[in-house]
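Colleague: Fold the following, please.
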Amino acid sequence: MSWCWFDLLDAPSDTATAQAAAFHADGSAAGWLAAWRTRARPTREARRIDDRIVDPGGAPAWISLVRPPRGVRLPFDDLAVQQARRNVLGDPWADAISTLLSDASHFEGAITVVRGAGAPRLRDDPFARVFDARILRVEAGLFGRVPPPCGPTIERYGSANPWPQDRF
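Modeller: Reported below is the predicted structural model:
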């Protein structure tokens, strides 16, 4: 599995692999979502995501962006995180999902991407039960579609990669 960096910025990036403007539900600007396929962290707040969800040719979408408060980190083994992962797999309705992370064992948020009839379901994002979510409308050029994974792992094998992981 490959990964890339992801962040919400105040302005467009000159170095991003893919990016798109993001808006709150009321239409006000939320900033720019950007992804980088680089080895070095491009911004201080950037987190790793599953590279497969990034598609510079992707259609507009709605997202649930879950981020913890500053200084708060949960291990992936935390029961709330594990249950959110189970719930996502129990009812696969999103176009793409990835957790956010900066190291091998801590959950630092999640992103859920939907289009069409799935948009209202973002209010029920299982990861929003772990930390607060921001529901944003994202312009074209950033997110693609990825089939749901075969299932989460509880053991730490492969934990250096953001979930979902579709193979062992």
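Colleague: what sits against the residue nearest to the spatial centre of the chain?
Modeller: Central residue check for the chain by C-alpha atoms, centre = their mean: the C-alpha nearest the mean position is that of I111, 2.4 Å away. Under the criterion of C-beta atoms under 8 Å, 6 or more residues apart in numbering, the neighbours of I111 are 6, 49, 53, 63-66, 96-98, 100. The C-beta positions use only the backbone N, C-alpha and C, and glycine is treated the same way.
Colleague: Could you do W5 as well?
Modeller: For W5, the contact set (C-beta under 8 Å, 6+ apart) comprises 35-38, 41-43, 46-49.
Colleague: my read is it is in a strand, agree?
Modeller: Yes: W5: assigned to a strand according to DSSP: H, G, I helix; E, B strand; the rest coil.
Colleague: Give me the distance between the least confident helix or strand in the chain by mean pLDDT and the centre of its chain.
Modeller: Among the helices and strands of the chain, helix 79-90 carries the lowest confidence by mean pLDDT, DSSP states H and E, at a mean of 89. In this view, helix 79-90 has its centroid 15 Å away from the chain centroid, taken as C-alpha atoms, centre = their mean, to the nearest Å.
Colleague: sorry, back to before: okay, and which of the contacts of I111 map to strands?
Modeller: Per DSSP state E, strands hold the following members of the contacts of I111: 6, 49, 63-66, 96-98.
Colleague: Could you point out which of those is nearest to F127?
Modeller: The shortest approach to F127 among those belongs to V66, at 4.4 Å (C-beta to C-beta).
Colleague: okay, now the closest one: neighbour count?
Modeller: Residues lying near V66 (other C-beta atoms under 10 Å) number 24.
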